[in-house]
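Undergrad: Output the structure for:
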Amino acid sequence: MILEEIAEKTKIRVEQAKKNVPLEKMRQLAQEKNAQTGFPFERELAKPKISFICEVKKASPSKGLIAEEFDYLSIAKEYEMAGAGAISVLTEPDYFLGDIRYLAEIKKEVSIPILRKDFTVDEYMIYEAKAAGADAVLLICAILEREQLKHYIEICDSLGLSALVEAHDADEIEKAVFAGARIIGVNNRNLKDFTVDIHNGIRLREQVPEHIRFVAESGIQTRADIVELEKGKVDAVLIGETLMKSADKGQKLRELNGGAIENAKN
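TA: Down below sits the predicted model:
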């Protein structure tokens, strides 16, 4: 399965990173950053209107190279100008052609919260995210044990980082709730065959306690999709490929969220 393959490669990457900056040093760098953040990523998702988490992504395993021209700073600033609530930055290098450096540079250019999108398999990556300026990190239920997930959420809390806990089915949602997740994201993409069904998120929303923020991820393409997800009580959408493939990303985002803004004002 591709997810397990990426997770194994990530473990090797982390061991290499530790040779350059040991765990204790990375923890120290993270702890030197302000932990009294007020959790801006969570505050964004608590707003009454649906929030847009817009992704900066060069490639993916399912689609290959998405953006040959990849001016990640301009893309991030364009998202912010067009009304994005947060930005997701892919930092996985082998399958998504990402880099933690992209996140650190984007953080200096925008004022909205930044999510580190990677395959967190070691606490080192949480400290690394904080040191680079992230406001939130992705934790994937499918590659973490229950107690490990709980521990990672506790580390995030201690650093003032939000954890977006990704689930794919009801069992993983139960696991996320057990671990103390305050934000659960459901990936609408089936990681076995890469098919997408946005109703997956709507169905699973019913399994999540109402006080937990809920994010629909993957496969969201049209304003009609957004309207349907709003009706399903989704707090935020994470959109990557639809925006990254658009020639005018700002206009595409405005097209997707314009109705949501109007509804919030009425």
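
Undergrad: ok, now which ones touch Leu161?
TA: 37, 39, 126, 129-130, 134-137 (CB atoms under 8 Å, 6 or more residues apart in numbering). Bear in mind the C-beta positions are built from the backbone N, C-alpha and C, glycine included.

Undergrad: same question, Ala134
TA: The neighbours of Ala134, taking CB under 8 Å, 6+ apart as the test, are 103, 107, 114-116, 161.

Undergrad: As JSON lines, those with pLDDT would be great.
TA: As requested, the contacts of Ala134 are exported to JSON lines (pLDDT from 0 to 100):
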{"residue": "Leu103", "pLDDT": "98"}
{"residue": "Lys107", "pLDDT": "97"}
{"residue": "Ile114", "pLDDT": "98"}
{"residue": "Leu115", "pLDDT": "98"}
{"residue": "Arg116", "pLDDT": "98"}
{"residue": "Leu161", "pLDDT": "98"}
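
Undergrad: Closest to Ile202 out of those residues?
TA: Taking CB to CB as the measure, Ile202 lies nearest Leu115 of the contacts of Ala134, at 21.9 Å.

Undergrad: Which element, helix or strand, includes the closest one?
TA: If you go by DSSP states H and E, Leu115 is part of strand 114-117.

Undergrad: List the strands paired with that strand, with their directions.
TA: strand 86-90 (parallel), strand 136-140 (parallel) (DSSP bridges).

Undergrad: For the chain, just list every one of the helices.
TA: Here the chain has its helices, by DSSP state H, at 2-20, 23-31, 40-45, 72-81, 100-109, 123-132, 146-159, 170-178, 199-205, 223-231, 241-244, 249-265.

Undergrad: thinking again about what came up before, just put the contacts of Ala134 in TSV and tack on distance to Tyr79.
TA: TSV is the format used below for those (distance: CB to CB, whole Å):
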residue	distance to Tyr79
Leu103	14
Lys107	13
Ile114	11
Leu115	12
Arg116	16
Leu161	21
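
Undergrad: Identify the spatial nearest neighbour of Ile106, chain neighbours not counted.
TA: Distances taken as CB to CB, 6 or more residues apart in numbering put Ala76 closest to Ile106, at 4.4 Å, once the chain neighbours are dropped.

Undergrad: roughly how far apart are that neighbour and Ala236?
TA: To Ala236, Ala76 is 17 Å away according to CB to CB, to the nearest Å.
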